[in-house]
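*Asks:* what follows is a protein structure lacking sequence information:
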């Protein structure tokens, strides 16, 4: 087997810790902003849904580069793996700069188009938060790209340690901005910008070390290799479309929720914030599976891809049991930290309870497709994800709310149908052979 239990532990444990840190800081952000009021909480929540859309586009590009590099390592071609690293950094930096420019120029237009019906104080907070956090996109792209490359090498400790630094700066900055300077949402947004900039610089410095299995040029002479870029984009673009459509769907759902009043917005935001904790092990394990499956696919060991996929899905279930039970039991005191009104508190409580029960569907629906993508089966995962999103998560949610006037909980009931469809499609696909699409490059390909 290509990966021993020790290898998997060394890869996955830091990833899980890093994901927990990321969501913990996000929760702390919301709790701190709650000191300013529900309008600030709602504004930050709405913008975060947009930021997640843009971040997922960049993450898909990083995954594309990581898959190409991982397949090259699995095939024993370290030279091409390093070449992929250089081109990944070039592509993600250019794309992130373009996204940043678009976000800055279209700040008000984007927010008004998506959330035009929200109250004016919520909109004002959203504009401030969006403008400042948009400046951090290039730094986040560099950090994510370098972190993905380290994961491909089986070394996720580097990104975990850098994440510790980044989150420490973020929390300290939040404390100063909100409790000492009293500058509202800006007190949360500026530390986010600064912490991401520091993390990007740190990762960019260490990824240049030629002692790494995969590294970028020491002087950042990245070059331009259309063939490698094409290969990265062939995985990254479908992944970006899938992730982008997924987050766009969440934004549309958020827009739907924004028509249901401030209590529903705030309750939904807090429930979603807590629900993120339940996704953490699966997200971390999914990232680790990209590394494992791409290396196995590069070596032509598709039986091992299936073996490790099943093993890691079961691991996700094992961790989920403890997390869901903890959140459901202590949801009352935790939600109380957000200073919500009684109505918003009740909404958040029932939503997080329902979400915990529905998580039984999540691992096969969202972990398994990572193995398919790592084997270059990206078109299938994209079509299934987009179709399911529009038919169930968006379509059913609008039917439940607009036509039947059902409460905000039914937005997540619609989401459950999306998960069921994905689970059926991806598990069925994995049982067959059509997903085994990676073909090893000929030995003289570089020549």
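*Replies:* Ah, there it is. Bear in mind the structure is a predicted one, so any value in this text is a computation, not a measurement.
*Asks:* how is residue 9 assigned, secondary-structure-wise?
*Replies:* Per DSSP: H, G, I helix; E, B strand; the rest coil, the local secondary structure of residue 9 is helix.
*Asks:* can you read off the pLDDT for it?
*Replies:* Looking at residue 9, its pLDDT reads 91.
*Asks:* with residue 135 instead?
*Replies:* On the pLDDT scale, residue 135 gets 95.
*Asks:* give me the below-cutoff pLDDT ranges for the protein.
*Replies:* Counting by pLDDT under 70, the ranges of the chain that qualify are 26-27, 30, 438-447.
*Asks:* centre-most residue in it?
*Replies:* The centre of the chain sits closest to residue 56, judged by Cα atoms, centre = their mean, with a distance of 5.6 Å.
*Asks:* and that one, how far is that from residue 247?
*Replies:* From residue 56 over to residue 247 the distance is 5 Å, taken as Cβ to Cβ, to the nearest Å. For glycine as for every other residue, the C-beta is placed from the backbone atoms N, C-alpha and C.
*Asks:* hmm, back to that, now the residue nearest to the centre of the chain: which helix or strand?
*Replies:* helix 38-74 (DSSP states H and E).
*Asks:* isn't the residue nearest to the centre of the chain up against residue 244?
*Replies:* Yes: counting by Cβ atoms under 8 Å, residue 244 is a contact partner of residue 56 at 6.3 Å.
*Asks:* from what I see, residue 80 and residue 65 are in contact.
*Replies:* No: at 11.8 Å, residue 80 does not count as touching residue 65 under the criterion of Cβ under 8 Å.
*Asks:* now the helices: where do they sit in the stretch 151-300 of the chain?
*Replies:* Ranges of helices within the stretch 151-300 of the chain are 157-174, 186-206, 226-257, 262-298, based on DSSP state H, counting those that start in this stretch.
*Asks:* off-centre distance for the longest one?
*Replies:* Centroid separation for helix 262-298 versus its chain: 7 Å, with Cα atoms, centre = their mean, to the nearest Å.
*Asks:* following it, which helix or strand comes up?
*Replies:* Taking DSSP H and E as the definition, the helix or strand right after helix 262-298 is helix 302-329.
*Asks:* ok so, going back, redo the helices of the stretch 151-300 of the chain as TSV? Include distance to residue 416 and mean neighbour count.
*Replies:* Compiled in TSV, the helices of the stretch 151-300 of the chain are given as follows (distance: least, Cβ to Cβ, whole Å; neighbours: other Cβ atoms under 10 Å):
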stretch	distance to residue 416	mean neighbour count
helix 157-174	31	19
helix 186-206	32	21
helix 226-257	13	20
helix 262-298	12	25
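*Asks:* what would the ones you listed look like in JSON lines with distance to residue 23?
*Replies:* What follows is these, written out as JSON lines (distance: least, Cβ to Cβ, whole Å):
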{"stretch": "helix 157-174", "distance to residue 23": "10"}
{"stretch": "helix 186-206", "distance to residue 23": "14"}
{"stretch": "helix 226-257", "distance to residue 23": "16"}
{"stretch": "helix 262-298", "distance to residue 23": "5"}
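*Asks:* among those, which is nearest residue 147?
*Replies:* helix 157-174 (3.7 Å; Cβ to Cβ).
*Asks:* now that closest one and helix 186-206, what's the angle there?
*Replies:* Helix 157-174 runs at 150 degrees relative to helix 186-206, counting by axes from the mean of the first three to the mean of the last three Cα atoms, to 10 degrees.
*Asks:* mind listing residues that contact stretch 298-315?
*Replies:* The contact list for stretch 298-315, computed with Cβ atoms under 8 Å, 6 or more residues apart in numbering, reads 1-3, 8, 12, 70-75, 281, 285, 288-289, 292-293, 296-297, 363-364, 367-368, 371, 374-375, 430, 433, 436, 438, 440.
*Asks:* isn't residue 250 right up against residue 50?
*Replies:* No: if you go by Cβ under 8 Å, residue 250 and residue 50 don't touch, sitting 9.8 Å apart.
*Asks:* tell me who's in contact with residue 296.
*Replies:* Residues counted as contacts of residue 296 (Cβ under 8 Å, 6+ apart) are 2, 74, 302, 304, 305, 308.
*Asks:* now with 7 Å, please.
*Replies:* 2, 74, 304, 305, 308 (Cβ atoms under 7 Å, 6 or more residues apart in numbering).
*Asks:* likewise for residue 35?
*Replies:* residue 178.
*Asks:* for it, helix, strand, or coil?
*Replies:* Residue 35 - assigned by three-state DSSP - is coil.
*Asks:* quick one: it from residue 25, how far?
*Replies:* 16 Å.
*Asks:* contacts for stretch 115-126, please.
*Replies:* 39-40, 42-44, 46-47, 111, 184-185, 255, 258-259, 262.
*Asks:* at 10 Å instead, please
*Replies:* Applying Cβ atoms under 10 Å, 6 or more residues apart in numbering, the set of residues contacting stretch 115-126 from outside is 33, 36-50, 107-108, 110-112, 114, 184-186, 189, 251, 254-255, 258-259, 261-262, 265-266.
*Asks:* before we move on, back to that, joint contacts of residue 80 and residue 65?
*Replies:* By Cβ under 10 Å, 6+ apart, the residues touching both residue 80 and residue 65 are 228, 231.
*Asks:* of the two, which one has the most company?
*Replies:* Taking neighbours as other Cβ atoms under 10 Å, residue 80 and residue 65 compare with residue 65 leading, 32 against 21.
*Asks:* may I see the PyMOL selection of the buried members of the contacts of stretch 115-126?
*Replies:* Per 16 or more other Cβ atoms under 10 Å, the buried members of the contacts of stretch 115-126 correspond to this PyMOL selection:
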select buried, resi 33+36+37+38+39+40+41+42+43+44+45+46+47+48+49+50+107+110+111+114+184+185+186+189+251+254+255+258+262+265+266
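*Asks:* now restrict the contacts of residue 296 to buried residues only.
*Replies:* 74, 304, 305, 308.
*Asks:* can these go into JSON lines with extra columns for distance to residue 163?
*Replies:* Listed next are the buried ones among the contacts of residue 296 as JSON lines, based on distance: Cβ to Cβ, whole Å:
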{"residue": "74", "distance to residue 163": "26"}
{"residue": "304", "distance to residue 163": "29"}
{"residue": "305", "distance to residue 163": "28"}
{"residue": "308", "distance to residue 163": "24"}
